[in-house]
Structure formats: C-alpha cells, structure tokens
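1. predicted model and sequence follow; I will ask about them next.
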Amino acid sequence: MGYQLSFTQIWANFDKLSGGLLLSLELALISIAIGALIGLVLAIWYVSAGRIGRTLISAYVEFIRNVPLLLLVYLVFYGLPTAVNIAYSAPVSFVATLSLYAGAYLVEVFRSGLDAVPKGLMDAGKAMGLTPWQRLIYVRLPTMTRITLPALSNTFISLFKDTSIASVIAVPELTYGAQWINNKTFRIVEVYAVTTVLYVVTGYVILFGLRLLERRFRVER
C-alpha cells in the first residue's frame, strides 16, 4: 500500500511551526545585529591597525570561516561551559555562536566596503575641516553602507537559514518544530514540505525588503 499524503496532523500542530518561525526570525535578527556590530568594529580596527591588530583579526576570521557552524555550536554549548564552568541557556549559546560566526564574515564585507570608499570623498571631508572621527561617521560609514548593501543582503539571508542548526541543541525554532511534529505523527513528507515552504516564503519576504532598501540607498553611477 502506497504512502498517502495527509496534512491534517500538520495543521493541528501548526503552532509548533509558526512559533518556531518567529523564534528563528528573532534569533536571526539578534545575531545579525550583534554580528554586524562585531564586524564593523573589527573592520574599522583592521583598516587602521598595525600588523599585530590585523594578524589577530585575520586569525579570528580564518578560524571561524574554516570551522563548520555545527561544530562551533557544539563547542560553545557543550565545550565552553565545561572548560570555564559557566552556564547559559541553549538560545543564548546559539545567539553567541551565530553572532561570532556572522561577525567573521561581516568583517570582510565591511572591510572591503571601507576600502571602496572613493579617496576623493575623504579628501573633501578633510578639506572641510572634519576630524578623522567626523570623516568616519559622516563620510566613510554612510558610503560604505551603500556599497555593501547587496553583500549584506546575501549574508543576512544565509544567517536566517543557519538558524535551523539551533535544533541540534533543542532550541525550539522552525526546524526543531518540524522534527517534533515528525516524531509525533511520522508525517515526514508533509511536515518538511510545509517547513520548506515556510523557509522559502520567509526568505523571499526578507530578500524583497532588503532589495527595496538597496534601491533606496544604492549608489548611482
């Protein structure tokens, strides 16, 4: 007898998916905000630091980029509390991990954006009598943001999808909700079909919003 599709039990437990999706968005938003701050601070430091500072930042970036996110999640959630005798919840652990992960990628995005700021703009700011910090705040950072928006959009979408890895430490986000329903109902095809649609639709909504932002602030050539 063939497998018969039935979404009845999926809709009966849809609150697990909807609640998980909201938590996924929350995890992504917090991690992206913290990661962007880490990336921006380190990028500014990198372009103005000496050899030691650049070496330290490069070591952080290379380490994070060459270690799978899943392994980082395990290290922070299971390894770090054991090593330094601290305790934190699974969501806090995952946010910390994804923030560090995002920061490593955004360092490179922001650094390339800072390097791409036309030298003429900086010279104009200097000619107006702006201090180095004023040139950074009012000239370099706004221009960098416009330049890096397309790359930031791709990074943000990727980080939203990466929240699915939080399920391995029992954070009740979208993928964990799908696993819970599957374990209770054994409707594997239906639950993951619905979960896939939720990820795709949410990703396109985020992408649409970011594309609008890009068009609003893009640099005209």
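-> Received, thanks.

2. number of nearby residues for F160?
-> Residues near F160, counting by other C-beta atoms under 10 Å, number 22. C-beta: built from backbone N, CA, C; applies to glycine.

3. list the contacts of the residue nearest in space to the middle of the chain.
-> Note on the chain: the residue nearest the mean C-alpha position is L159, at 3.5 Å, using C-alpha atoms, centre = their mean. L159 is in contact with A28, S31, I32, G35, L98, Y101, A102, counting by C-beta atoms under 8 Å, 6 or more residues apart in numbering.

4. how close does the residue lying closest to L80 once chain neighbours are set aside get to L98?
-> Once flanking residues are discounted, L80 sits nearest to I86: 7.1 Å by C-beta to C-beta, 6 or more residues apart in numbering. I86 sits 18 Å away from L98, going by C-beta to C-beta, to the nearest Å.

5. go on, Y46?
-> 21 Å.

6. those two: who's more crowded?
-> L98 (26 against 20).

7. with adjacent residues omitted, what lies nearest to the more buried one?
-> L98 sits nearest to S31 (C-beta to C-beta, 6+ apart), 3.9 Å away.

8. buried residues in stretch 12-31, which are they?
-> N13, K16, L17, G20, L21, L23, S24, L25, L27, A28, I30, S31 (16 or more other C-beta atoms under 10 Å).

9. what comes up buried for whichever strand or helix holds T143?
-> Assigned by DSSP states H and E, T143 belongs to helix 141-162. By 16+ other C-beta under 10 Å, the buried positions in helix 141-162 come out as 141, 143-144, 146-149, 151-153, 155-157, 159-160, 162.

10. what is whichever helix or strand comes after it packed up against?
-> The first helix or strand that comes after helix 141-162 along the chain, using DSSP H and E, is helix 174-185. Under the contact definition 3 or more C-beta pairs under 8 Å, 6 or more residues apart in numbering; DSSP states H and E, helix 174-185 sits against helix 8-12, helix 14-48, helix 188-217.

11. can you list contacts of helix 174-185?
-> 9-10, 13, 16-17, 19-21, 23-24, 163-164, 166-167, 170, 172, 187-188, 191-192, 194-195, 198-199.

12. low-confidence regions, this structure specifically.
-> 1, 217-221 (pLDDT under 70).

13. pretty sure L40 contacts V109?
-> No. Applying C-beta atoms under 8 Å as the test, L40 and V109 come out as separate, 9.6 Å apart.

14. I188 versus Y3, what's the distance?
-> Counting by C-beta to C-beta - Y3 and I188 are separated by 10 Å.

15. of those two, which one has the most company?
-> In this view Y3 and I188 are compared by other C-beta under 10 Å, and I188 has more residues nearby, 14 against 8.

16. contact partners for G35?
-> By C-beta under 8 Å, 6+ apart, the residues touching G35 are L98, S99, L100, Y101, A102, G103, Y105, L106, L159.

17. can you give me the buried ones in stretch 69-81?
-> Quick answer for stretch 69-81 (16+ other C-beta under 10 Å): L72, V73, Y74, V76, F77.
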